[in-house]
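Asks: Here is my input; please provide its structure:
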Amino acid sequence: MESLPFVIAGPCSAESEEQVLSTARELAKIPQVRVFRAGLWNPVHGRVPSKVWASAGLQWLAKVKAETGLLTTVEVANPKHVEEALSHGIDILWIGARTVVNPFSVQEIMKSFAARYPVMVKTR
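Replies: Reported below is the predicted structural model:
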C-alpha cells in the first residue's frame with residue numbers, strides 16, 4: 001500500500017460560501033489532501049461581526065464535509081469557539097500560534113472539551 005502524506009489545505013480566511021466550496025472541490029481532487037481548513041474568527045472580515053461570520057463559515061464547512069468527504073478543521077481561541085465548532089461537526093480543532101503563547105488560554109480551551117478530541121497546536 002502506497003503511503004501518502006497527510007495534507008491540510010484551504011484558505012487562510014473563509015470569505016464566502018462560493019470561495020470555500022469551490023476551493024474544497026478543487027482540493028478534494030488531490031489525493032494527498034485529507035483535511036480542509038479555513039479561518040473563521042479572523043479580524044480580516046472587517047465590518048461583519050466575527051460571531052456572525054463564523055456561524056455562516058461553520059455551515060459552509062459542514063457543506064464541504066458533506067459534499068467532498070474531506071475532514072474539516074478550524075482554529076479556536078476560546079471555549080466558545082470550541083463549542084460552536086463542535087456543534088457544527090468540525091473534525092479537528094487547532095490552537096493557533098497567538099493563543100499557544102498564553103498558557104491560561106490554552107488551559108481554558110482544553111477544559112471546554114468533554115471528551116477526547118483531535119487538537120493541533122501551531123507553534124509558528
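
Asks: middle-most residue in the chain, spatially?
Replies: Taking Cα atoms, centre = their mean, the centroid of the chain lies closest to residue 74, which sits 1.4 Å from it.

Asks: How about that one: which residues does it bridge to?
Replies: residue 93 (DSSP bridges).

Asks: Three-state assignment for residue 41, please.
Replies: coil (DSSP: H, G, I helix; E, B strand; the rest coil).

Asks: List the buried residues for the longest helix that the chain contains?
Replies: Using DSSP state H, we find that the single longest helix of the chain is helix 50-68. For helix 50-68, the neighbour count (16 or more other Cβ atoms under 10 Å) marks 53-54, 57-58, 60-61, 64-65, 68 as buried. No exception for glycine: its C-beta is placed from N, CA and C like everyone else's.

Asks: hmm, back to that, look up how far residue 31 lies from the residue nearest to the centre of the chain.
Replies: Distance, residue 74 to residue 31, by Cβ to Cβ, to the nearest Å: 23 Å.

Asks: same thing with residue 55?
Replies: For residue 55 relative to residue 31 (Cβ to Cβ), the value is 32 Å.

Asks: so what strands line up beside the worst-scoring helix or strand of the chain on mean pLDDT?
Replies: Counting by mean pLDDT, DSSP states H and E, the weakest-scoring helix or strand in the chain turns out to be strand 119-121, with a mean of 77. Strand 119-121 sits in its sheet next to strand 92-95 (parallel), going by DSSP bridges.

Asks: CA atoms only: put the partner strand into PDB for me.
Replies: Taking C-alpha atoms only, strand 92-95 is exported to PDB below (Å, rounded to 0.1, in the frame of the first residue of the first chain):
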ATOM      1  CA  ILE A  92     -10.200  18.700  14.200                       C
ATOM      2  CA  LEU A  93      -9.600  21.800  16.100                       C
ATOM      3  CA  TRP A  94      -6.400  23.800  16.000                       C
ATOM      4  CA  ILE A  95      -4.900  26.200  18.500                       C
END
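
Asks: Mind listing residues that contact that strand?
Replies: Strand 92-95 is contacted by residues 35, 37, 71-77, 82, 85-86, 106, 109, 117-122 when judged by Cβ atoms under 8 Å, 6 or more residues apart in numbering.

Asks: Run through the chain and note the low-pLDDT ranges.
Replies: Flagging of the chain using pLDDT under 70 yields the residue ranges 1-4, 42-52, 114-115, 123-124.
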